[in-house]
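**Q** The sequence and its predicted three-dimensional model are supplied below.
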There are 2 protein chains.
Amino acid sequence: MYGVGMATTKSIPLSNRPLTDTHAEVLADVFAALADPVRLRLFDLVRRAGDTGVCSCDLVEPLERSQPTISHHLKVLREAGLVESRREGTWLWYSVIPGALQSTSTFVQR
Amino acid sequence: MYGVGMATTKSIPLSNRPLTDTHAEVLADVFAALADPVRLRLFDLVRRAGDTGVCSCDLVEPLERSQPTISHHLKVLREAGLVESRREGTWLWYSVIPGALQSTSTFVQR
DNA sequence: CAAGTAATTAGATAATCGTCAATATATCCA
DNA sequence: TGGATATATTGACGATTATCTAATTACTTG
């Protein structure tokens, strides 16, 4: 029965426990994806595009980097779970994965 | 007079402008400081210590790194403007600089 | 001042990263 | 099927990074 004669665990609430090594590694991976100015601007542009997303062909010019470089950075953002792409014929449309920054937001906040 | 016959600038609100390169670089530097699991746990421990701060001598053991390595990481956090240290005799006490994560929090949020 | 402890700096190494040119793959359309 | 365009991969490069040991500096206290 719950709460009757039960030995309490006295476990520390989640928020009071220090960051575990594995949690820190997961978080660090996301921060690493954001730790480059080109990728930040890339992510910003994708986010601004909303649900519709943005064609990656429109990301090369404003960032003044070569096409392979943009492709590389998009891959990093994708592998970090921050953005996703859907194919529309010849083009790829990128959009932000909802809630992708949840964990980092929680960490950074307070 | 304000608002009377004034030529409107039609300038785009700050939040509607894409990230500038310089702003992106500043942000990326903070994210880079957080892009390492050891530094994340370090920052977490310092933050938990509140205003009192924590002696760096107490940070070596829980992170299982050599003392110079911890010193190096603390320097990175310091140079990123995330933490500060005050000397207390032989020891250095580290604490979080209030509002240090303001900009990153704003970026990450929404 | 001298001894002891805390912290930084120096130097080295292996690994990762950002970038580009060149090449390859994928998709559309005639 | 073949040409055109969009995107990804490869391979190379210089630069940066995380880590260690060893040596140095800073501070306290006897």
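**A** Received it, and whenever you're ready, just let me know what you need. All figures in this text were calculated on a predicted structure; none of them were measured in a lab.

**Q** So which residues on chain A come close to DNA strand C?
**A** Within reach of DNA strand C by CB under 7 Å from any atom of the strand, chain A has these residues: A:32, A:35-36, A:38-39, A:65-66, A:68-69, A:72-73, A:76, A:87, A:89-90. (Each C-beta comes from the backbone N, C-alpha and C, glycine too.)

**Q** can you narrow these to ones near DNA strand D?
**A** Within the residues of chain A next to DNA strand C, those near DNA strand D by CB under 7 Å from any atom of the strand are A:68, A:72, A:90.

**Q** Which of the helices or strands spans the second one?
**A** In this structure, residue A:72 sits in helix A:67-79 according to DSSP states H and E.

**Q** and that helix, which residues are buried?
**A** Buried residues in helix A:67-79, counted by 16 or more other CB atoms under 10 Å in any protein chain shown: A:70, A:73-74, A:76-77.

**Q** so what's the residue sitting nearest the centre point of chain A up against?
**A** For chain A, the residue sitting closest to the mean C-alpha position, by CA atoms, centre = their mean, is residue A:82 at 3.2 Å. By CB atoms under 8 Å, 6 or more residues apart in numbering or on different chains, the residues touching residue A:82 are A:30, A:33-34, A:43, A:96-97, A:100-101.

**Q** ok so, going back, pick out the lowest-pLDDT one from the ones next to DNA strand D among the residues of chain A next to DNA strand C.
**A** Taken together, these show their lowest pLDDT at residue A:90, with 94.

**Q** Distance check, that one against chain B.
**A** 25 Å (CB to the nearest CB, to the nearest Å).

**Q** Would you map the helices across chain A?
**A** A:21-33, A:37-48, A:60-63, A:67-79, A:102-108 (DSSP state H).

**Q** So what's the residue count around residue A:39?
**A** Look at residue A:39: counted by other CB atoms under 10 Å in any protein chain shown, it has 24 neighbours.

**Q** Correct me if wrong: it contacts residue A:78.
**A** No: the criterion here is CB atoms under 8 Å, and residue A:39 misses it with residue A:78 at 11.0 Å.

**Q** quick revisit: and the helices of chain A, which is most packed in?
**A** helix A:37-48 (a mean of 22; mean count of other CB atoms under 10 Å in any protein chain shown).

**Q** thinking again about what came up before, ok, which pair from the contacts of residue A:82 is furthest apart?
**A** A:34 and A:97 (13.9 Å; CB to CB).

**Q** More neighbours: which of these two?
**A** Comparing residue A:34 with residue A:97 by other CB under 10 Å, the one with more neighbours is residue A:34, at 27 against 13.

**Q** Need the pLDDT of that one.
**A** Looking at residue A:34, the pLDDT reads 98.

**Q** Spatially, which residue comes closest to it, not counting chain neighbours?
**A** Of all residues not flanking residue A:34 in the chain, residue B:31 sits nearest, at 4.2 Å (CB to CB, 6 or more residues apart in numbering or on different chains).
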